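Quick one, structure for this:
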Amino acid sequence: MGKSYDAELALFINGSWRVGEGRDSFAVIDPASGDAIAQVPLASAADLDEALAGADRAFSVWQATPAEARGTVLRKAAALLRDRSEAIATLLTLEQGKPLAEARSEVAASAQLFDWCAEEATRLYGRTLVRPTGQRAMVNRQPVGPVAIFTPWNFPLYLLAKKLAAALGAGCSVVAKPPEETPGCTGALVRCLADAGLPQGVVQLVHGAPDMVSRHLIASPVIRKVSFTGSVPVGRHLMRLAADGLKRVTMELGGHAPVLVFDDCDLEKTLDLVVPQKFRNAGQVCVSPTRFYVQESIYQRFVDGFAARTHGVTTGHGLDAGSKMGPLSNARRPGSIEALVEDAAAKGARVMAGGKRGNAGYFFQPTLLADVPDNADIMNNEPFGPVAVAAPFSTLEDAVAKANRLPFGLAAFAFTEGLRTANLLGDAIEAGMVGINTFAVSAADAPFGGVKDSGFGSEGGIEGMDSYLVTKAIHMA
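Residues are numbered from 1 along each chain as shown. Next up, the predicted model:
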């Protein structure tokens, strides 16, 4: 590996970094070994109150800052992310486990978000309504106020950047609670913003017991909006907390992405694309392709080709040059994945590749299950790990019914050379994002979000910035 963990872990409150100083702490684990590599300090109730007060004061300053000046700060932060990419990516790999090449890509994508929102901040236009001479009516858009954002550990840098870039570009101040598992890389992101000249208090960074922090922040009258990325049960819980204060919410929740593979696709090209995508970040991706429904005439060829490629996915520490897939991110995940695989096998699924835990750390083998019945737990609950499940379908109508069977609707994918089939699928599949012959459904300029139990509201694109704005109509006579 050749690199050690080197990060100063701290809270960021009112422009100053706060370290231990008697606070409780949380052990940061290298998931490749299971060893503790650092301790991150946790915020107390007093810390949270100070962060809230600071965000409240800073909002009046930041919302009055011209959009061009806000954009300058965001562009400088993007440049610093790129300058510090190798160090930040190394922290990300050591904390989260993904291969270093994937971590570098995450840093680059995070920088792109800041650049895009910096430009879009100058285009948050209102409009003028038609009125008789001597009268005026305008529609303005203004920042909603201080926001609380909660982000998960699977893409700790990118998902934090996606919320921060949009909120800051819109003129909001932020209290951010990223995951305790990955404090080094997220702290490095906030340092880039601070070093870029962000005014004191505009971003507060706190770690802490998730339930305590979320209850404390959401209950505060300072917070005007909540943005959360994570599981469906936690999303429901935070919505209940937000309802008491009638706070607006954006919820990007879990998925269970179907992949419909039709017999007119380029099969070898499709396999070469889907297998690496399935095992990206060890399958810990909310839009990870998971339920592979394959047309009957090519089904056996598909699962055989998928299995052969899966056997070739090399696992190892993310800093090892030959690693194509790292460990799962925490100690809970291997056991959960193992239980899902065992349940599917007991119900008749064939284990075509993998299916077992690794010998050290939090590794789980890249896995393919074929002939998986609908009553298997893994067909109904998102595995969030390196397991692909496959089953055959006969007609397009059959495929769409299978894709839409679950209450989730984040992303869905299909592979076909038929234009008519592609058009019908785009309309018929119940998902916030549909990829036809591509997995590229997340981009800085595109809305990202789900339907049904996968949440509501969008992040990315102008839609992502809209959620941090309120609309005001001004009438003059």
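
Could you pull out the strands in the stretch 251-400 of the chain for me?
Secondary structure of the stretch 251-400 of the chain, counting by DSSP state E, counting those that start in this stretch: strands at 257-261, 289-295, 350-353, 367-370, 387-393.

what packs against the second one?
Judged by 3 or more CB pairs under 8 Å, 6 or more residues apart in numbering; DSSP states H and E, the packing partners of strand 289-295 are strand 257-261, helix 267-278, helix 299-311, strand 387-393, helix 396-403. No exception for glycine: its C-beta is placed from N, CA and C like everyone else's.

Tabulate the ones you listed (a markdown table), appending mean neighbour count, mean pLDDT and distance to Leu189.
Output for the helices and strands packed on strand 289-295, formatted as a markdown table (neighbours: other CB atoms under 10 Å; pLDDT from 0 to 100; distance: least, CB to CB, whole Å):
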| stretch | mean neighbour count | mean pLDDT | distance to Leu189 |
| --- | --- | --- | --- |
| strand 257-261 | 26 | 98 | 27 |
| helix 267-278 | 18 | 97 | 25 |
| helix 299-311 | 18 | 98 | 33 |
| strand 387-393 | 24 | 98 | 30 |
| helix 396-403 | 18 | 98 | 36 |
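
And Met1, what's its pLDDT?
As predicted, Met1 sits at a pLDDT of 45.

let me fix that: Trp116
For Trp116, the predicted pLDDT is 98.

go on, the one 3 residues further on?
Glu119 carries a pLDDT value of 97.

right, and it touches Gly71 too?
Yes: between Glu119 and Gly71 a contact is recorded at 6.5 Å, counting by CB atoms under 8 Å.

Tell me what Val470 is bridged to.
Beta-bridge pairing for Val470 (DSSP bridges): Gln142.

Quick one: neighbours of it, just the number.
Per other CB atoms under 10 Å, the neighbour tally for Val470 reads 15.

Distance check, it against Lys162.
As judged by CB to CB, to the nearest Å, Val470 and Lys162 stand 20 Å apart.

go on, Leu113?
As judged by CB to CB, Leu113 and Lys162 stand 6 Å apart.

what residues do those two have in common as contacts?
Gly460 (CB atoms under 8 Å, 6 or more residues apart in numbering).

List the buried residues for stretch 312-325?
313, 315-320, 323-325 (16 or more other CB atoms under 10 Å).

that older thread, just put the helices and strands packed on strand 289-295 in TSV and tack on distance to Val130.
Shown next, in TSV, are the helices and strands packed on strand 289-295 (distance: least, CB to CB, whole Å):
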stretch	distance to Val130
strand 257-261	45
helix 267-278	50
helix 299-311	58
strand 387-393	53
helix 396-403	44
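
mind checking which of the ones you listed is nearest Ala243?
In terms of CB to CB, the element of the helices and strands packed on strand 289-295 nearest to Ala243 is strand 257-261, at 29.1 Å.

what's the residue lying closest to Val389 once chain neighbours are set aside in contact with, if anything?
Ranked by CB to CB, 6 or more residues apart in numbering and with sequence neighbours excluded, the top spatial neighbour of Val389 is Val372, at 4.3 Å. Contact analysis of Val372 by CB under 8 Å, 6+ apart lists 344, 347, 349, 378-379, 389-391.
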